[in-house]
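Student: I would like to see how this sequence folds:
(one chain, ligands or ions: 1)
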Amino acid sequence: MTTEEKIHLIQACKGVRPVSQLTAYDYPTARLLDEAGVDMLLVGDSLGMMVLGFPDTTSVTLQHMVHHTAAVARAQTRALLVSDMPIHTYDTPEQALESARALIDAGAEAVKLEGGCTVEPMIHALVQAGIPVQAHIGLLPQHIKEDGGYRMRGKSDDEVAALTADLQAVTRAGAFSVVIECTRAEVAAQLTAASSIITIGIGSGHGTCDGEVQVFHDLVRYFPWFTPRFAVQHADVAGSITSAAKKWASGLLLPREK
Ligand code: KIV
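Tutor: As a prediction, this is how the structure comes out:
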């Protein structure tokens with residue numbers, strides 16, 4: 001299936017069935033999630049915390065994203081492969097184009113970048129160049145330090161107005177979808193009702209957006225040291241790894257004496 005066909009199918013889900021998106025940072029995870037029927041895979045810059053051991057996403061580089069995008073792309077997924085653009089790789093439209101092309105060359109079919117009104121020119125430049133864009137509004141992990149930490153967005157009328165303006169800006173610029181992160185459930189539902197593009201919620205309530213995205217490591221408890229309150233857990237990979245390693249180590253034998 002071509003990228004255009006995949007995006008068309010995702011857009012056709014609006015009002016019909018929820019769209020699923022999960023993060024994948026490597027080949028086996030991408031294959032497994034694809035075989036499970038997930039609609040979109042996100043090589044998220046959350047890989048900074050989940051696989052590289054950084055405290056947040058701000059240390060993630062374009063080289064990291066290219067490396068992991070290429071691994072996921074080798075799985076040749078039916079799911080649409082979206083890759084995150086790291087902080088300061090899309091400060092101007094020209095820089096955004098150069099960075100996005102590196103991700104597309106590595107196998108991404110679409111890119112995601114954070115921001116609304118402030119990134120409208122960058123999204124416009126990418127879409128004009130034929131690169132599909134998923135926008136990301138609400139809580140922006142790349143700007144968590146200057147934006148006042150991990151708190152729910154859309155609590156005041158001013159914040160709701162700003163979110164509405166952000167949604168309009170990314171839609172005008174041509175994004176095919178928008179992630180709405182950590183926004184009050186009522187506000188996410190209101191934005192979705194007003195949106196012509198696919199909204200994907202995270203930490204913004206259940207059944208409020210056209211679909212949801214979750215960090216895979218949270219879904220299967222593969223990063224047990226921190227889990228966001230809103231995360232849904234359907235497996236305990238950390239527990240399985242620990243018990244498998246203990247069982248294996250305790251069954252080791254010394255060489256027999258001759
Ligand atoms: O990097 C990421 O995993 C993300 C999701 C939380 C949407 O941006």
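
Student: neighbours around R78, how many?
Tutor: For R78, the tally of surrounding residues (other CB atoms under 10 Å) stands at 14. No exception for glycine: its C-beta is placed from N, CA and C like everyone else's.

Student: hmm, it is touching A36, no?
Tutor: No. With contact defined as CB atoms under 8 Å, R78 does not reach A36; the gap is 10.9 Å.

Student: L42 pairs with what?
Tutor: Here L42 sits in beta bridges with T23, V82, going by DSSP bridges.

Student: now the residue of the chain found nearest the ligand, nearest residue through space, not along the chain?
Tutor: Of all residues in the chain, G44 sits closest to the ligand, at 2.4 Å by CB to the nearest ligand atom. Nearest non-adjacent residue to G44, counting by CB to CB, 6 or more residues apart in numbering: T23, 4.4 Å away.

Student: phi, psi for the spatially closest residue to A175 that is not a sequence neighbour please.
Tutor: Leaving aside its chain neighbours, A175 sits nearest to A135 (4.2 Å; criterion: CB to CB, 6+ apart). Main-chain dihedrals, A135, degrees, to the nearest 10: phi -90, psi 180.

Student: again with T183
Tutor: Here is the backbone geometry of T183 (degrees, to the nearest 10): phi -120, psi 140.

Student: now swap in Q21 and tell me
Tutor: phi -140, psi 130.

Student: hmm, G211 and it touching each other?
Tutor: Yes. Using CB under 8 Å, Q21 is in contact with G211, at 6.3 Å.

Student: higher neighbour count, the two?
Tutor: Q21 (27 against 21).

Student: quick one, what contacts H217?
Tutor: Contacts here follow CB atoms under 8 Å, 6 or more residues apart in numbering; on that basis H217 touches 23, 50, 223.

Student: and if you look at Y90?
Tutor: Listed by CB under 8 Å, 6+ apart, the contact partners of Y90 are 96, 99-100, 113, 119, 122.

Student: quick one: the closest residue to it other than its chain neighbours and G201, what's the gap?
Tutor: The spatial neighbour of Y90 that comes closest, neighbours along the chain excluded (CB to CB, 6+ apart), is A96 at 3.7 Å. According to CB to CB, to the nearest Å, A96 and G201 sit 25 Å apart.

Student: for these two, work out which one has more neighbours and name it.
Tutor: G201 (29 against 25).

Student: I'd say that one and S195 touch.
Tutor: No. With contact defined as CB under 8 Å, G201 does not count as touching S195 (11.5 Å).
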